[in-house]
Each structure stands twice: as C-alpha cells, then as structure tokens.
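>>> The following comprises the amino acid sequence and a computationally predicted model.
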Amino acid sequence: MQRKAYVPGVAALLAALLAGCTGGSGGGATADDSNPGQPGVATEAAEPGKYRTLPEPCAVVGHKALDTLLPGIEEIADEEQRARAYSGEPTLAYDTDRKVGCRWKVESAEATDHLFVDFERVVSYDGSVSDAGEAEELFAQQVEAADLPEPVVSESGSAASDSPSGSPSSSSGESGEPGESGEPAGGAGGTPSSSASAPSSSPSSSSTASPAEVQPRLLDDLGDEAFVDDALSSSGSTAKRRTVTVAFRTSNVMVTIEYAEQSATLGVVPDSEEMQDMARNLASQLADSLGG
C-alpha cells in the first residue's frame, strides 16, 4: 500500500518534464531547420573584372597611326623634337593600375592636331556588383553626359545610328549641324600585344557622308558598347576647331579617344567624316590590343 503513495509523485514529475519539452518548442524559441554542425550557404561574390592591369598609354599608339592622325609630325625636321612628339606626354596619374592617359599635340602649316587617349579600369567595391557591372553603370553616365541627339530616321524607316537600339532620349538642343551640340564629355586592362598601327584605309579628304551619317551616335561594332561624339567650336574670329570623341567599354575597362583639329586657315572647317573614320579606326585597334 505504501508503494502506491509514490505513484502520484512520479506521474507529476513526468508531467512536468513533458510540459517543459512542449514549452521549449513554443513561441519563445525560434525554429532552425539548418543543422547546427553545418555552416550556412554564403552569398556568392560577384566576378572580378576581366582586366587587372592597364597598357602603357603613350606606347599603345604606333608611329604609323600618329603619322596619319598628326600629319605635321613627319614635318618636324629636328630628330630629337620629332622623337619627343612621337613619345607624347603622359597625364598625371596617382594610380596607374586604375587610370592612365597620354596626349599628343603637333602643329603643321595646315592645322594643329591634338590626340588624347585615356584608359580607366573600373573596380567595384560592392561585393554584389561585378567590376564589369560597375563599369557598365559608369559608361551609361558617360553616354548621358555626351547628350547624344535622337537618331535621324531615313525615308526607308531605318535609323542612321550605328546601334540598333538608337540613342538616349535626351537631345543636345542645338542646331542640326553635326558637331554643333557642344564639347564632348571627357572620360581600362591587359597589356596590348602590339602597338596600334595606322588605319587600314585613309578616308577621303572630301566628305561624302550625309549629316545623319556623321551625327553623334551610339556604335554597335566596338567593344561591349560605344559611342562617337562630334563637336565644332569657334572663338571669335579664330578658325574653327573640331573635336571627335570615341569612347567604348570592354568588360571593366573604359577607353576614351579625343581627336581634335583646328585649321590654320580661316573659313576651312575640319572634315567630320574623315576625323571620325580615323578616330574609330584607332579605337578598333585599341580594342583589339586589349583583347576585346
């Protein structure tokens, strides 16, 4: 009979234990389906850029290309001065792994020509955004700053732009004359296998292109994305100066070429088609040297 007196106490103990287990899985605790012995799945980091270095900017343009773009360079009689002209002048750079550039300026009896080449290697500091993705966003800002006009549509219904997607919706707001939209916006790696040489074909000195064919526009045959801008400016009674800008992006490298010419004779306007052809040829060579 005394043994039966202990039964209620045991039952009460079991009930308390069961209640404790039930309460532990209630609202006060959080369920975790993961195995505590296994780490959680980490977020996959964005891919690094294709290019980790940049080319030497003053060596990337070959002598033959400079002879074509800067015709007065061959007229320099002094060999030392001519060598300095070919060498160009590097732009100030605090981090040559991220941004480099080079400038050339040559005067001749007919005109003064300027050439500027700039390489920028973009690195993303956001682990969820790739270097190429960051470069794409920055290049979009460069296109927007260029303020390209709407592509002109021909009678056949096709746009004059080299890009099937057309140009940004913004318009320069200037006259329809190519190059009158204002100065272009300024703005990289793998070491090129060889210096860029002269363009494969020399453009005609007389323009045969229509205004629509030489207007600032997007390009679809250069790098991952590209555009060409064309600005004609003058100051007072001085001769007009034309500046052609070709910019393109290849993965996480952005390249900008600015080619400008000011005629030495009043009333003579540098030819838009000729300058665009030469700048685009050089851009194609630089893209090939990058492996893009």
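Nice, I can see it. Source: prediction; values computed, not measured. Residues are numbered from 1 along each chain as shown.
>>> Enumerate every residue touching Leu138.
By CB atoms under 8 Å, 6 or more residues apart in numbering, Leu138 lies in contact with 122, 254. C-beta: built from backbone N, CA, C; applies to glycine.
>>> quick one: Leu66 and Ile73, what's the gap?
Applying CB to CB, to the nearest Å, the value for Leu66 to Ile73 is 6 Å.
>>> Asp220 now?
32 Å.
>>> From Leu54, how far off is the nearest residue in space to Val129 that is not next to it in sequence?
Counting by CB to CB, 6 or more residues apart in numbering, Val129 lies nearest to Ala46, which is 5.5 Å off, once chain neighbours are set aside. Distance from Ala46 to Leu54, counting by CB to CB: 21 Å.
>>> so Glu273 makes contact with Val214?
Yes - with contact taken as CB atoms under 8 Å, Glu273 and Val214 are classed as touching, separated by 5.2 Å.
>>> between those two, which one's more packed in?
Val214 (22 against 19; other CB atoms under 10 Å).
>>> So that one sits against Ser272, correct?
Yes - applying CB under 8 Å, one finds Val214 in contact with Ser272, separated by 4.6 Å.
>>> still on that earlier bit, and Ala46 and Leu54? Which one has more around it.
Neighbour count, other CB under 10 Å: between Ala46 and Leu54, Leu54 has more, with 26 against 16.
>>> what pLDDT does the more buried one get?
Per-residue confidence at Leu54 stands at 93 (pLDDT).
>>> Helices of the stretch 101-250 of the chain, start to end?
Using DSSP state H, counting those that start in this stretch, the helices found in the stretch 101-250 of the chain span residues 131-146.
>>> Where does pLDDT dip in it?
Counting by pLDDT under 70, the ranges of the stretch 101-250 of the chain that qualify are 152-210, 234-237.
>>> Next, the contact list for Arg280, please.
By CB under 8 Å, 6+ apart, the contact list for Arg280 reads 219, 222, 228, 246.
>>> Looking at those residues, which is nearest Ala283?
If you rank those by distance to Ala283 using CB to CB, Val246 comes first, at 4.4 Å.
>>> Pull the number of nearby residues for that closest one.
With other CB under 10 Å as criterion, Val246 counts 26.
>>> Was I right to think it contacts Asn281?
No - contact criterion CB under 8 Å: Val246 and Asn281 do not qualify, at 9.5 Å.
>>> The residue nearest to Val129 in helix, strand or coil?
Three-state call for Ala46 (DSSP: H, G, I helix; E, B strand; the rest coil): coil.
>>> and Arg217, bridged to which residues?
When assigned by DSSP bridges, Arg217 has beta-bridge partners Val228.
>>> Give me the neighbour count for it.
Counted by other CB under 10 Å, the residues lying close to Arg217 total 27.
>>> wait, doesn't it sit right on Val143?
No - counting by CB under 8 Å, Arg217 does not reach Val143; the two are 10.7 Å apart.
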